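Visitor: Here is a sequence together with a model predicted from it:
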Amino acid sequence: MDDSESFDPGHEDRVVVVHTNFDGTRFLTGSLDHKIKVWNLNPKTKERTLLDTFTAHDAWIIDAKFTDPSVGSFIGTIGGDLCFKLWEEDKTQAPNSGRRFKHVITIPSTPRVVFTSLDFKTVDQVYVYLAVIDKQGLLSVYEPADPDNLAEWTLLDQFHVYAPVPDRGDETSFRLCFDKNPTPLAYMNSLSDDDKQLGLLVSGMNEVKIYYSVADTEDSAPRAIENGASHRLSFHEAFRFPTHPETIRSIDWAPSNTRGTERIATGCKDGTIHIFELAANPDAEDSTTAPPSSRRGEKPITGSRPPQQSSLTSAITGRASNDASKTTRRARSNLFSWTYQLEHITAISAHDGSLPSPPYSHKRSVDEMMSANETPASRKGRACVACRKLKVKCDSLEKGTAGCSRCQRIGQDCITVKRLRMSLDDAEGREHQALLRLERATEDILGRLKMPSLESYSGAPKLIPESVAQTTRENSREPAQQVDHDLAGAPMEGLYEATQLNILRARLMHGDPATKNGRRRIESDLISQGLITLEEAEDMFHLFKTTLSRYLFNVTVREDRTLQSVRESSTLLFTASMVVSSLHIPDKEQVYLLCHKQLRDLVASSMFDRTHTLEDVRGLCVAAFWLPDLSWKLSGHCVRMATELNLHQAFYKAFYSTRSTSSDRVEALERARLWYLLYVLDHHFSIAYGRPPVISEMSAIRETDLLLRSPECTHSDRRVISQVTLFVILSRAYNEFGLEAERLMGEDEQTLLTHAQFMDELHRWRRTFRHALAIDAHVGDYPALGVDLHFHFASMMLNSLSLRGRPLPLLSGLPTALHPLALNAIESAHAILAIVLDEPDIQRSLVGVPLYLHAMIAFAVVFLIKMASRWKSIGVAIDPETQTRPMIEAVIGKLKQCTAGKGHILYNMASGFERLLQRNVAGFSGGSSDGSSGGSSGNATAVNMNVNGHHGRGHGVPVPANHIHNDGEPSAARYNHKHTSRFSIGTWARAIRNLADFSNPDLNSNMGLLGMMFNRGEEEENGGGEAGGMYQM
């Protein structure tokens, strides 16, 4: 039955190109009117809808193709304006707007000759290749410089496929087609170890050839570089078809070779379609006995072309001879160690569809495709496969080799199944071959579906000898090394270049392309799996875009960004935003648990991936900044992924590289911004967990002024650089004062002078950025108030180093020279709580801010509770009962009033503060656990405290006494504001838990700053250990 349908696509001139995408849901039409029309097609209802029309070239359209959907929604076109163009779908543009497909890149024809054919090839759904051929038979093969960016292409190889080269005015016909099969034929037949080999079918005039790729190695003879081609992969002629009687107008390569053979079709000028079947067999003969085929369309130097066989069945070796050119001459006698067997199956005339197969053709049985030359005894069935399936009468036996009448009428192959009678040995041999091919086909299907390997379904894993596994080699997919630029590259690159070992290559690139991390797997994300609805996702994404992301410096989501675009860009980013949003929404606890589990699974799989994107890194940053149970693990994982993407080199490319174009600079700046965010993330949690940071002080960190002074600097850039410069100061202090929990701070003049210098740097930092950060439309004055919070937190940590390593019962013995530092630590802790209580923008942000801000508040509260019963012994005249305790109780009340999901850490903080306050209530009543009277000791000087500090937009504006906060709770202004001692802000406490040594020994644990907020999470994985327990609740 003919279910075809014709329709008018609406072009203004003749349609010359029609192409369907991979899954049959779209097709395009190209016309002489210079335009491309893209249509959506419902495969079931056959309903078609015009998606967009755009002008692709300044001349007529010659060819157009979709790329594989795994690399994105791209269309490649060639036209009469002597160039190739690549177009990418922009799903933010409305259909039929004329702007749905945006231009990505133009590749001109360097000889100024019209291109006549193009094709794409995708390997492992990651690597994409482009081949174009022009009117004179010049074939060019390209690959992207970066698999994740198709805006820049590198020429791999270029050569003429036909000799002699036609003149510009000659009538010619050149077509090409990539091997559409994911697995090369030779690899399927166990004749080659290269499962990534590229195959190209090329027709020139009345000739058809197959070229296969060969990765050039160091032992290859030198070869001339043509038109800038890198020759990382070169293509060599492997097989030449018999000469056709007419000029060839079209060619195609069947997309399924699971039968163990290739099927290739050619269409000639006279309207005849020829179908061939190609089989690869081991080459048992010596290379000198096989007729050589020329390489790259040049005549063999040993003689003329092999004579055409009358039966159109030929066995032609796949070996290539030396190049004819003496300047590029090199011996490649062992390129392919197999031969090809060609069978001409049928010829169909466009003028008479009932034309039977030519007399030299014969019907093939399924078993013949898988059998050797020796045919076992058999009897033939009465009906062919097609007739048996439909249960209709078949005259296969009467018609003989021509095929049954029905198959001849509809123009399809007439296939019969022979019922074999063979010995047991023969059956076992043929069964083994069939199972081998079936196993290879199954592995290929599993790989395309991203399912576990075939070995995981067996009872026992397949054992590979260690010696074999360690020396496996493969053709390189790496970009060609720039020898003049990379002579002093990473040592591992040199080791890989010398050995070509897969295990080394796996570390040099970003992961195994066969196990991609799912950045484009919309079909397997939270919505597609039914874990959340689209409406829920839209609501949570709106919260993340308009509120939560505004707290995260330069990860702010653009206003025009849609949920769909995030889903398409990175599954990690989409899932992380859903987890964080559900954590902040009441009654979303079940959704949070489902999203959290999905995120952990994605993170686990990403550990061994090599292919990551900037969006993947951003997604992990989002999760690390907000999720306390994953923060430390994800912060380290983010940094590793970023270094694999070379983000640490982006700053140099943006400001120093002489080879960068304007577009390169824009991209480098974007990558440098992400590297700054990673620096902040790394140092946030190195402080929070009391561990050394990973990222060192590179030039990008030391020279932030270059970005601040550049015209590209944004408000978000200033925010993140304010954090970077703060942590530069703290990192230097870390290097100076050490991390060891038992290390005492000296009281000598040099130590105090160094300490004062770090304090002065902090003051200068605050003056620089306090008024440099503008009010944000979404989060108000939080950016500037955050400067105050970070300032006081750094002061508390630096000055509390004076208490490190000193047990609480012996605090009265603190050297007099360190008393001002201890006072400043206590004052800074009060100042943090005062900002929380007095600033509405901070109160509104308590729920949405990242985890580090909660750690600040928690550290200040716990520090004051633990110190309240002891500070009188060192001369601090602050009354904890009337000044400190009301502030802590007010903070607890604020935290309880917050609205978020039940799993939010604010609720844990409030309940933990209450428990700790109750256990230490005696200290606020004037009691002392060490038996001291609570008065000033010996040489200590009694001081009062100013908790007003300098926060808010009004510097140092006093708050009226007895001021009551808007909810009736006492604020910081209620307490004594007599100021007799200026704030002395110091460096950091390094690892917060280093302060734990002046706590009771029975409180020691391995929990850092975040451990004081909850007694669970990833810290428990590390077991007991060094101190930190004064903050444990």
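Guide: Perfect, I can see it now.
Visitor: List the buried residues in the strand or helix carrying Leu730.
Guide: In this structure, Leu730 is located in helix 715-737 according to DSSP states H and E. By neighbour count, with 16 or more other Cβ atoms under 10 Å as the criterion, the buried positions of helix 715-737 are 716-731, 733-734, 737. Yep, even glycine has a C-beta here, placed from its N, CA and C like the rest.
Visitor: same question, stretch 87-107
Guide: Result for stretch 87-107 [16+ other Cβ under 10 Å]: buried residues Trp87, Glu88, Glu89, Arg100, Phe101, Val104, Ile107.
Visitor: The last one contacts Trp153, doesn't it?
Guide: Yes. Using Cβ atoms under 8 Å, Ile107 and Trp153 qualify as a contacting pair, with a distance of 6.4 Å.
Visitor: Find residues that contact each of those two.
Guide: With contacts defined as Cβ atoms under 8 Å, 6 or more residues apart in numbering, the residues adjacent to both Ile107 and Trp153 are Tyr142.
Visitor: roughly how far apart are Thr401 and Met796?
Guide: Computed as Cβ to Cβ, to the nearest Å, the Thr401 to Met796 distance reads 93 Å.
Visitor: Pick out whichever of those two has more residues nearby.
Guide: For Thr401 and Met796, the more surrounded residue by other Cβ atoms under 10 Å is Met796, and the numbers stand at 28 against 13.
Visitor: Mind telling me what element the more buried one is part of?
Guide: Here Met796 sits within helix 782-799, counting by DSSP H and E.
Visitor: what angle separates that helix from helix 715-737?
Guide: Here helix 782-799 points in a direction 0 degrees away from that of helix 715-737 (axes from the mean of the first three to the mean of the last three Cα atoms, to 10 degrees).
Visitor: So for helix 782-799, mean pLDDT?
Guide: Across helix 782-799, pLDDT averages out at 91.
Visitor: Check which helices and strands that helix is in contact with.
Guide: Counting contacts by 3 or more Cβ pairs under 8 Å, 6 or more residues apart in numbering; DSSP states H and E, the secondary-structure elements packed against helix 782-799 are helix 715-737, helix 749-769, helix 819-838, helix 840-844, helix 851-867.
Visitor: For the longest one, list the C-alpha coordinates in PDB.
Guide: I take that to be helix 715-737. The C-alpha coordinates for helix 715-737 follow below in PDB (Å, rounded to 0.1, in the frame of the first residue of the first chain):
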ATOM      1  CA  HIS A 715      27.600  44.400  40.000                       C
ATOM      2  CA  SER A 716      27.800  40.600  40.400                       C
ATOM      3  CA  ASP A 717      31.500  40.700  39.700                       C
ATOM      4  CA  ARG A 718      32.100  43.300  42.400                       C
ATOM      5  CA  ARG A 719      30.200  41.100  44.900                       C
ATOM      6  CA  VAL A 720      32.200  38.000  44.200                       C
ATOM      7  CA  ILE A 721      35.500  39.900  44.100                       C
ATOM      8  CA  SER A 722      34.700  41.400  47.500                       C
ATOM      9  CA  GLN A 723      34.500  37.800  48.800                       C
ATOM     10  CA  VAL A 724      37.700  36.800  46.900                       C
ATOM     11  CA  THR A 725      39.700  39.600  48.400                       C
ATOM     12  CA  LEU A 726      38.500  38.900  51.900                       C
ATOM     13  CA  PHE A 727      39.500  35.300  51.700                       C
ATOM     14  CA  VAL A 728      42.900  36.300  50.300                       C
ATOM     15  CA  ILE A 729      43.500  38.100  53.600                       C
ATOM     16  CA  LEU A 730      42.200  35.200  55.600                       C
ATOM     17  CA  SER A 731      44.300  32.700  53.700                       C
ATOM     18  CA  ARG A 732      47.400  34.600  54.400                       C
ATOM     19  CA  ALA A 733      46.600  34.700  58.000                       C
ATOM     20  CA  TYR A 734      46.000  31.000  57.900                       C
ATOM     21  CA  ASN A 735      49.500  30.500  56.500                       C
ATOM     22  CA  GLU A 736      50.900  32.800  59.300                       C
ATOM     23  CA  PHE A 737      49.200  31.500  62.400                       C
END
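Visitor: any idea how far Pro111 is from Ala386?
Guide: Applying Cβ to Cβ, one obtains 49 Å for the distance of Pro111 from Ala386.
Visitor: hmm, I was thinking of Ser250
Guide: Computed as Cβ to Cβ, the Ser250 to Ala386 distance reads 26 Å.
Visitor: for Phe625, same thing?
Guide: Here Phe625 is placed at a distance of 62 Å from Ala386 (Cβ to Cβ).
Visitor: Which one of the two is surrounded by more residues?
Guide: For Phe625 versus Ala386, the count of surrounding residues by other Cβ under 10 Å is larger for Phe625: 26 against 20.
Visitor: need the contact list for Leu86.
Guide: Remark: with contacts taken as Cβ under 8 Å, 6+ apart, Leu86 is in contact with Phe74, Ile75, Gly76, Thr77, His103, Val104, Ile105, Thr106, Ile107, Leu150.
Visitor: Shouldn't it be within a helix?
Guide: No. The secondary structure assignment for Leu86 gives strand rather than a helix, going by DSSP: H, G, I helix; E, B strand; the rest coil.
Visitor: beta partners for it?
Guide: In this entry, Leu86 is beta-bridged to Gly76, Ile105, by DSSP bridges.
Visitor: Could you measure from it over to Val666?
Guide: Separation of Leu86 from Val666 (Cβ to Cβ): 19 Å.
Visitor: Please apply the same query to Pro880.
Guide: 55 Å.
Visitor: Tell me where the model's unsure across the stretch 101-250 of the chain.
Guide: Counting by pLDDT under 70, the stretch 101-250 of the chain shows low-confidence ranges at 169, 189-191, 216-231.
Visitor: tell me the SS of the nearest residue to Pro166 once chain neighbours are set aside?
Guide: Leaving aside its sequence neighbours, Pro166 sits nearest to Thr172 (Cβ to Cβ, 6 or more residues apart in numbering; 5.0 Å). Under three-state DSSP, Thr172 falls in the coil class.
Visitor: Go ahead and confirm Thr25 touches Leu41.
Guide: Yes. Taking Cβ under 8 Å as the contact criterion, Thr25 and Leu41 are neighbours in contact, 5.8 Å apart.
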